[in-house]
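> return atomic coordinates for the entry below.
(3 chains)
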Amino acid sequence: MEMDQRIDPLFRPLTKDNQAAQVITRPSLSNWQQVIRKLVKNKLAMLGLFIILFLVVMALIGPLLVPYSHSDQSLLDRNKEISAEHWFGTDELGRDMFARTWYGARISLTIGVVAALIDLVIGVTVGGIAGYMAGRGKKGDRIDNLIMRVIEILYGLPYLLVVILLMVVMEPGILTIIIALSATGWVGMARLVRGQILQLKNQEFIMAAQVLGAKFSRILLKHLIPNTFGVIIVNLTFTIPSAIFAESFLSFLGLGVQAPAASWGTMTNDAMGVILTGDWWRLFFPGLMISLTMFAFNVFGDGLQDALDPRLRD
Amino acid sequence: MKEHLLSIENLKVNFKTYGGEVQAVRGVTFHVEKGETVAIVGESGCGKSVTAQAIMGLIPNPPGRIVDGKVVFEGTEISKLPKKELLGIRGTQIGMVFQDPMTALNPTMKVGAQIVEGFVRSQKVSREEAKKRAIEMLRLVGIPDPEQRVDQYPHQFSGGMRQRVVIAIALACNPKLVIADEPTTALDVTIQAQILDLLKQLQEEQELAVVIITHDLGVVAEIAHRMVVMYAGMVVETGTVEEVFANPRHPYTWGLMRSLPRLDESEKQRLVPIEGAPPDLFNPPAGCAFAARCDFAMEICKQQMPPTTTFGEGHEAVCWLHDERAPRIDELVAAGRQDS
Amino acid sequence: MSNYLLKRVLMMFLTLWIIVTLTFSLMHAIPGNPFASESDQLPEQILANLRAKYHLDEPLPVQYFMYLKNLVSLDLGPSIKSDSRNVNDMIADGFSASAWLGGQAIVVALIFGVLFGIIAALNRNRALDYIAMALAVLGVAVPSFILAPLLINYLAIKLPLFPVATWGTWMHTVLPSLALAFGPIAIITRYMRASMIEVMNQNYIRTAEAKGIPTVLIVIKHGIRNAILPVVTFLGPLIASLITGTFVVEKIFAIPGIGKYFVDGIFNRDYPVILGTTIFYSAILIVTIFLIDIAYSLIDPRIRLTKKEG
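Now for the predicted structure:
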């Protein structure tokens, strides 16, 4: 260009190609990568996850670490404080508390996980049907309405009261507890899933997908499930501890697991009799395990919830 | 030196985020005279709303803080006032109108009570007087049946009506200055015109000074006397509305003008967008922030902050093109850069 | 409005009827008979007399309608196991203790939960917030049946500050109420904190700030009323869990409340007692939820009792 000779080099116009107008500075991560990155950064949630893993591992190997079973009685070793032989002490029948605690962990965790999974399956199915049917003509609305009425009535009942009544009627045992817990436990999940689907259905990106001619199966697979998935997972991390709590509660009332089987709840209940004698380990270990489980699942669930919330993403 | 009603000098505001500190406002200077309307114009994220919040002392802290500069209102440096004295100025001396009337009102409080809440505090009036004032204010902002409306809740009002209520709140204590942050952005076009008319009328009747924040040059032309064009946390051009519209001096202002549809243009002219996006304010560029998007950018623009050039009548622009060493703009245009 | 209320009241009775029917069927679906434990000792003739006395020899539908008929006149029937007592007496007997315990726990939970939630929200990510949240996590993690023995051990036995194992003065109510309220305090704190943080970020709070209202007044006049709404909606399930909570707390502290009769009824397989107390609890809960709905509409002017919410 001819004008270049007479102007200060600093004032030489820039050509377009040495301008970088639109540079995206941050690498883009996939949704799940972001969620996991955020979750890993959350120390409390990671502590929760660590405790959960620890409890699971101990439930698997704990009872194998000592030469006693959860039901071996020994009249010579009654009410022993913690020692090298009995790491968590013994109870009034001389049963080893360490073996009992981790045997109880198996029962409690199994009940919690199985009941939560049953809740998940029933809840997602029922909630999904209701959410899908709502707004699909008169018939669809009627089905949704019917499901919602049932859910409403079940939701209005005190959860544990219903479980107690069912436990009274059925033969005691682990299976009974799981059935009783799942009989009303799915309601929360169903409400949640239905609400999510209804909310998503009205959202513009779903309408956009419909307008663009996406098939229902594609909408379900690409939009509805991924967008509901997070909420369901979070809910699962809260239904597991609440099922474990319910089991302990029932066992504490004497309605849950029956001897010779033991759970943290029955062990807590057994400890009530010796509260005045100062045998602190009787309450301490099962109580600690229940509290640790509740703590771990709750903080992990909280962390997961935060990590999945796009509004809280940095 | 003549005392301005409001003057802002070299204001700098930073926000702490996870990614680092964002320099949202990077040295803004302008002033407002008594009874005049000044528009702050710029695209989203240019720091215009933050500037408005800084005037009111409403920067949420943390994460935000005023790093440097001052806000002087009627000779008092209000950016340094203790909270208690600042409360005496907010509402009573300076009122504020917010962008979204749907969320700016408390849903569980009667409209009348919200209007006179500040008034009751500063004037210590009785219940009846307060209600009378609320009705008076509703009438002033053109809400029909104010006697009934005063006891209703926000959800019983339409969007436009709510914005009138928000304006009534701002005016309830007869302030000298009203800051309106995008007061019409969230409204329908017909309602927008009504609200602007109302603001203009109130400004004239009450001899108010108004700072209106907008990205809409139509709004500026409608009601402002002077305008301040902001880009990436800095002022790039100020002047009277007539001057700036007639002789814009900054390439960014040119871009804004060219991206505005005109009804009086007889031939079909394409709207020209400003290509690119504003710079990252975590690490703002050393030179002119607009350089990366500017059709007339020069080597120096990338390296050094441009100086302020005055064109008389308070018309100023911050651009290297007005340096005597720079090539003449018409030459550049002739060289075909504008449409490149 | 009155139309809506009428509908609601009808719905309440319908729900209660469904609960009565379900519970009744459940209780009578049990295999074996309520006198199973006595049947070894008692001669057949006496057993037959007993069955006749409690109308257990009638066909089930007849028993059901008789039960409903008595229920309408608020008669919950006789207990099978404790002679000469009927369920009405038991509920009347236990009501004052249970209501006092439950009521006190709700009030304590609401006051402290809301207070802690507000304090945590206003001091977000500072020491007070962390303390409140730690307390909230603890409240979720430690169930009442673990907290209660700890309280007894430390605050009644090791440090004899409070009496236990009897029921009479207000001092007796402190530990059980605390044990019962601890979990709800934690939950309300969490809800209130989240809700308060959201409300304090709303635009109308900024409007109030722009009016020159001091922060304390903004929190009181604009913050709390809006933030408390989600907490109010949560009160229904909370009271339900409180009712079940009284079962263990009454058991641990040996409080002569309805919960104790209920739990005893379960162990004695005393079906009229289980049935009667369940119906009583359900009725209390249904009425409470109704009252909560009314309270909600008073706090939130957007909700008027004219139509049913979605």
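
> can we go C-alpha only for contacts and neighbour counts from here?
OK.

> interface residues of the stretch 151-300 of chain C facing chain B?
Residues of the stretch 151-300 of chain C lying near chain B by Cα under 8 Å from any Cα of the partner chain: C:202-207, C:209-214, C:222, C:225-226, C:299-300.

> need the buried ones from those residues selected in ChimeraX.
Selection of buried members from those for ChimeraX, criterion 16 or more other Cα atoms under 10 Å in any protein chain shown:
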select /C:202,203,204,205,206,207,209,210,211,212,213,222,225,226,299,300
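
> am I right that B:G95 sits in a helix?
No. Under the criterion used here (DSSP: H, G, I helix; E, B strand; the rest coil), B:G95 is strand, not part of a helix.

> who does it bridge with?
Beta-bridge pairing of B:G95, defined through DSSP bridges, involves B:V178.

> so which elements touch the longest helix seen in chain C?
Longest helix in chain C by number of residues, with DSSP state H as the criterion: helix C:87-122. Contact here means 3 or more Cα pairs under 8 Å, 6 or more residues apart in numbering or on different chains; DSSP states H and E; on that basis helix C:87-122 packs against helix C:127-141, helix C:170-200, helix C:225-252, helix C:258-268, helix C:271-299.

> anything in the helix or strand following the first one near chain A?
Using DSSP states H and E, the helix or strand that follows helix C:127-141 towards the C-terminus is helix C:144-151. Yes. Part of helix C:144-151 sits close enough to chain A to count as contact by Cα under 8 Å from any Cα, namely C:145-146, C:149.

> just the CA coordinates of helix C:144-151, formatted as PDB?
Listed next in PDB are the C-alpha coordinates belonging to helix C:144-151 (Å, rounded to 0.1, in the frame of the first residue of the first chain):
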ATOM      1  CA  SER C 144     -33.600 -40.100  67.400                       C
ATOM      2  CA  PHE C 145     -33.200 -43.600  68.700                       C
ATOM      3  CA  ILE C 146     -29.500 -43.100  68.900                       C
ATOM      4  CA  LEU C 147     -29.600 -39.500  70.100                       C
ATOM      5  CA  ALA C 148     -32.100 -40.400  72.800                       C
ATOM      6  CA  PRO C 149     -29.900 -42.900  74.700                       C
ATOM      7  CA  LEU C 150     -27.000 -40.500  74.400                       C
ATOM      8  CA  LEU C 151     -29.000 -37.700  75.900                       C
END
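
> which neighbouring elements make contact with it?
The contact analysis (3+ Cα pairs under 8 Å, 6+ apart) places helix C:144-151 against helix C:170-200, helix C:225-252.

> winner for burial among the ones you listed?
helix C:170-200 (a mean of 23; mean count of other Cα atoms under 10 Å in any protein chain shown).

> quick one: the strands in the stretch 151-300 of chain A?
Assigned strands in the stretch 151-300 of chain A: none (criterion: DSSP state E, counting those that start in this stretch).

> just checking, what packs against the lengthiest helix in chain B?
Ordering each helix of chain B by length in residues (DSSP H) puts helix B:189-205 first. Judged by 3+ Cα pairs under 8 Å, 6+ apart, the packing partners of helix B:189-205 are helix B:159-171, helix B:217-223.

> I'd like these as JSON lines, with mean neighbour count appended.
Converted to JSON lines, these look like this (neighbours: other Cα atoms under 10 Å in any protein chain shown):
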{"stretch": "helix B:159-171", "mean neighbour count": "26"}
{"stretch": "helix B:217-223", "mean neighbour count": "18"}
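
> nearest to chain C, out of these?
Closest approach to chain C among the helices and strands packed on helix B:189-205 (Cα to the nearest Cα): helix B:159-171, 7.3 Å.
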